[in-house]
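Visitor: with the sequence up front, the predicted model follows.
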Amino acid sequence: MFQEIQAARADVLARIAAAAKGAGRDPASVELVAVSKVQPEERIEAMLAAGQRVYGENRVQEAEARWAGRRAAYPDLELRLIGPLQSNKAKEAVELFDVIETLDREKLAGALADACAKAGRVPRLYVQVNTGEEEQKAGVAPLDADAFIAKVRGEFRFVVEGLMCIPPADEPAGPHFALLAKIAKRNGVAMLSMGMSADYETAVMFGATSVRVGSALFGARG
Ligand SMILES: *Cc1c(COP(=O)(O)O)cnc(C)c1O
């Protein structure tokens, strides 16, 4: 198991580096976020042994069960919430995650602000943009993004570290990545979380500063 996981991680890192170089970018400017949701413990252990320290999770409770007990053993662990967050879970999310990538509405911004004040801790924040304007998908609509980012900064006093998107599954991802990069640029937002197993090299070409890769690293989810 360890060798398999180590080889998969080395392969993904090499592909990220090649895509970055091809785009004239420093490979070190792209962070690999290993999406560990639903993966069995033995694969997580192997990934940790391979040296991976940045992980993405979709659900607060699942992440808590998997990671809270590992903080002491891995002080350099970085946990990112990449799934939708309900306002009533803001407190748990603020306490557990280093980065929350799915801020997409005012009510949630308010809940996070309250939770941060109580916890005395502010996770790094990304605004999720629903670039494909899909009804079932979370994220602020592209046309509302500028106003929402301004509100998050002005009213809630948060730093917006980056933007995040999940393109529609049945469309080429490139135009969605380009749109996210454009919204980030005109708002002075530095970081871009985009690209998954099927399209992370494309995302790097379009400027991703972090890619969220699950199955290409761990194998298929059960
Ligand atoms: C599950 C998930 C991923 C990883 O997907 P893979 O296709 O397995 O790489 C990335 N981002 C988000 C938001 C996800 O929910």
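Guide: Structure's in. What do you need?
Visitor: surely V33 is in a strand?
Guide: Yes. The assignment for V33 by DSSP: H, G, I helix; E, B strand; the rest coil puts it in a strand.
Visitor: list the buried residues of stretch 38-58.
Guide: 39, 43-44, 46-48, 50, 52, 54-58 (16 or more other CB atoms under 10 Å). For glycine as for every other residue, the C-beta is placed from the backbone atoms N, C-alpha and C.
Visitor: in helices, which of those fall?
Guide: Judged by DSSP state H, the subset of these located in helices is R43, I44, A46, M47, L48.
Visitor: show me which of those residues neighbour the ligand.
Guide: Of the residues in these, proximity to the ligand by CB under 6 Å from any ligand atom holds for none.
Visitor: which one of the residues you listed is nearest R221?
Guide: Set against R221, the nearest of those by CB to CB is R43 (10.1 Å).
Visitor: any idea how far the nearest residue to the closest one once chain neighbours are set aside is from the ligand?
Guide: Nearest residue to R43, sequence neighbours excluded (CB to CB, 6 or more residues apart in numbering): F218, at 5.0 Å. F218 sits 8 Å away from the ligand, going by CB to the nearest ligand atom, to the nearest Å.
Visitor: just checking, F218 touches E41?
Guide: No. Checked against CB atoms under 8 Å, the pair F218 and E41 is beyond contact range at 11.6 Å.
Visitor: what about the longest helix in this structure?
Guide: helix 2-22.
Visitor: what angle do that helix and strand 31-35 make?
Guide: With axes from the mean of the first three to the mean of the last three CA atoms, to 10 degrees applied, the angle from helix 2-22 to strand 31-35 works out at 140 degrees.
Visitor: what are the buried residues along helix 2-22?
Guide: I5, Q6, A8, R9, V12, L13, R15, I16, A17, A19, A20.
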